[in-house]
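In: Make a model of this:
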Amino acid sequence: MNVQTIIALAEDLLTQWMDQLIELQLKDNAFKGLDGGILCPGCSRIHGRSLDAIYPFMYRAQESGDERYIDAARSLFRWSSKVSFSNGAWENDVAISRWRGITVFGTISLAEALKFHGDLLTPEEKKIWFNRLEQAANFLFENIHIDTSVINYPITAIYAFALAGELLSAPRFTKKAFELRSQCLAYFTEGNRFIFGEGHQKRTPSPKGCYPIDIGYNVEESLPALTLYGLMVNDLEILERVITTIKVHLDFMLPDGAWDNSWGSRCYKWTYWGSRTTDGSLPVLGLLSRIEPELFEPALRNLRLLSRYTKNGLLSGHHPEAGIEPCIHHTISHSKGLALFLNYQKEEWNEPPPAILFNSISDNNKLNRNLTSDAASSNLKIVNLDERPDGVVFYPENQTYIIHRAAWRSTITGYDQSFDDNKINSGNGMTLLWHKLTGPLITASLRNYMLIEPHNMQVPFEVEDRPLTPRIECYHNDTIYSTINDYAASINHIQDKESFNFKIQSRLLDALCNGPTGYDLYGLIEYLFTENAVQIIFSNNTTIDMRSFKLVLPIISAQSESYSIQDPSEITIHKKKCSVTVSTNGKIQLSDIGSNRFFNFVPGFEAIEIQIIPTNTTDKLITTIKCNG
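Out: Purely as a prediction, here's the structure:
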């Protein structure tokens, strides 16, 4: 394990990000409400959480000795008064969001700036900054409890209170941290230890018994905060819990370092590398690799993915070739995560917990995963993301199957939770298809791109809203009915030596999750995984003419990739390392989009929308996807 490799990459990436944020910072502006703020090129405004960049600015100032960074931090601190209130809170965005829970993140950033780099300030500045930290900590003390908002807020507050208690010599904050730390243990599922609570009704199970679980917020916000708290106070119980949990979550990491949050309760903020306004997974994976070396490789792969998604000095929430301006939220929040990793990595740990204490964590008896092949049990200790054996792993907590078959990786889910009552998730079925030669070929998106958090999501300027999720549609009585609107669909998994087969019995419903008046539209969708191909088979279980149905199959493809249609039943997309062929016993037609590509912000890909139409009334509609290297 070459730790210097990941440190050097993190340093380089953080330098790029902070230099570009300085370029976007408004300087010497006569209007105090603007001076020091950071203008977002993707949203054309200043985000209230810009304050979070104060800590990485201070880190760069210390490391480089460059006055630009300390000047940027000072200007940003002064600007933050425009989103600051007399009760100690900071606000998410003035006049857009009155949410003040984000004071947790501002508190952490300000506290870390003072803890590691406070000596860069003059005594008077230091006094002012410490006073502001105390005001923020007092606000959190009165307003953050275990049942406050979604679970990542009280969990990250554990670390915020611990910092405040140490820096301000205030035992009541230290005590509050421990109280929340003990209470948060009730928000881990039995067996697999997923953190749950990322929903408005965070303890209320769905009709299928699922709790609100979000991979993005777990690995990029809650688990990093618990890691930092555990290391700070040498809490072995918390560190053991985090290591157990992150190993399970790593089943949702792809070989290229991406996080599969295609089904999560807050998937509306899913980006391919993580989640939009979180700190990133490096503080948990990178730091704990000193205890569990197997976490180093996933940390490095995710960091390299962040580097690939950095364009013109900013971390993009979408594929860099898409041509969409990036929102600075991603850069600001993830720069804080990189700075945290770098500072703590360089710290001498007091009595670091020896790895031997954690050897029992991977004991199969402690995990509740339903392993559907003996070979899949080796996934319990992930050593090489490229060499996971063929198998299917089922997670009952979120009704999700992870499929490994030769070069294929896929996710099929029956998850029916949501952040609120909007049913933002795509419906039951395939939410991810990945191949080692192409990367992602299929991902889910939202049913409809809704600004669930308007202040934290990009407005889709000149972007037509089309879902990325594969689905069966039926146009009937002037209404489109679709399988992605059915959250009660049932999944049956059958496996033999040659293939993995999933059968999904689904209703086709309209956008309000209603069927036609007086009767139901049913269909059976099968996903068949073999070594060389993936098949999607649709059977019509109604008396409606088969030709009224179609399979809508968006295949991820950048504008730079060419495609060719050999005949009405086959299309080939030419990618860098291989060609992808989609063939069918029906008829292929492309959507009426001008460039034959459309873009979706979740998770940020362009795709060709292939529509596959049955050509007769009785046969099954069979579609085959192959990658030809």
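In: What's the first helix or strand after the worst-scoring helix or strand of the chain on mean pLDDT?
Out: In the chain, the helix or strand scored least confidently by mean pLDDT, DSSP states H and E is strand 370-371, which has a mean of 53. Under the assignment DSSP states H and E, the closest C-terminal helix or strand after strand 370-371 is strand 391-395.
In: by contact count, what packs against that next one?
Out: For strand 391-395, the packing partners by 3 or more C-beta pairs under 8 Å, 6 or more residues apart in numbering; DSSP states H and E come out as strand 370-371, strand 400-405, strand 490-495. Backbone N, C-alpha and C define where each C-beta goes, glycine included.
In: Could you single out the most deeply buried of those?
Out: Highest mean neighbour count among the helices and strands packed on strand 391-395 (mean count of other C-beta atoms under 10 Å): strand 400-405, with a mean of 22.
In: Any chance you could give me it in PDB, C-alpha atoms only?
Out: What follows is strand 400-405, C-alpha atoms only, in PDB (Å, rounded to 0.1, in the frame of the first residue of the first chain):
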ATOM      1  CA  THR A 400     -31.700  -5.100  -3.600                       C
ATOM      2  CA  TYR A 401     -29.800  -7.700  -5.600                       C
ATOM      3  CA  ILE A 402     -26.200  -7.100  -6.700                       C
ATOM      4  CA  ILE A 403     -25.200  -9.300  -9.600                       C
ATOM      5  CA  HIS A 404     -21.600 -10.200 -10.600                       C
ATOM      6  CA  ARG A 405     -21.500 -12.300 -13.800                       C
END
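In: Confirm for me that Gly48 is in contact with Glu91.
Out: Yes: in this structure Gly48 lies within contact range of Glu91 using C-beta atoms under 8 Å: 5.6 Å.
In: Helix or strand: which one has Ile70?
Out: Using DSSP H and E, Ile70 maps to helix 67-79.
In: From the chain's centroid, how far away is that helix?
Out: Relative to its chain's centre, helix 67-79 lies at 30 Å (C-alpha atoms, centre = their mean, to the nearest Å).
In: Residues touching that helix, excluding its own?
Out: For helix 67-79, the external contacting residues (C-beta atoms under 8 Å, 6 or more residues apart in numbering) are 18, 21-22, 25, 27, 32, 34-38, 46, 50-51, 53-54, 57-58, 60-61, 113, 120, 125, 129, 132.
In: what about 7 Å?
Out: 18, 22, 25, 27, 35-37, 50-51, 53-54, 57-58, 60-61, 113, 120, 129 (C-beta atoms under 7 Å, 6 or more residues apart in numbering).
In: Let me have the helices and strands packed on strand 391-395 in CSV, adding distance to Asn218 as columns.
Out: Below are these laid out as CSV (distance: least, C-beta to C-beta, whole Å):
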stretch, distance to Asn218
strand 370-371, 20
strand 400-405, 14
strand 490-495, 23
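In: Give me the below-cutoff pLDDT ranges for this protein.
Out: Counting by pLDDT under 70, the chain shows low-confidence ranges at 1, 94-98, 349-383, 420-427, 451, 454, 461-463, 593-595.
In: Which stretches in it count as helices?
Out: 3-24, 54-64, 67-79, 103-117, 123-143, 152-167, 171-184, 215-217, 223-233, 236-249, 282-288, 296-308, 328-346 (DSSP state H).
In: mind checking which of those helices is nearest Ala533?
Out: helix 296-308 (26.8 Å; C-beta to C-beta).
In: could you give the angle of that closest one to helix 3-24?
Out: Helix 296-308 and helix 3-24 are oriented at 30 degrees to each other (axes from the mean of the first three to the mean of the last three C-alpha atoms, to 10 degrees).
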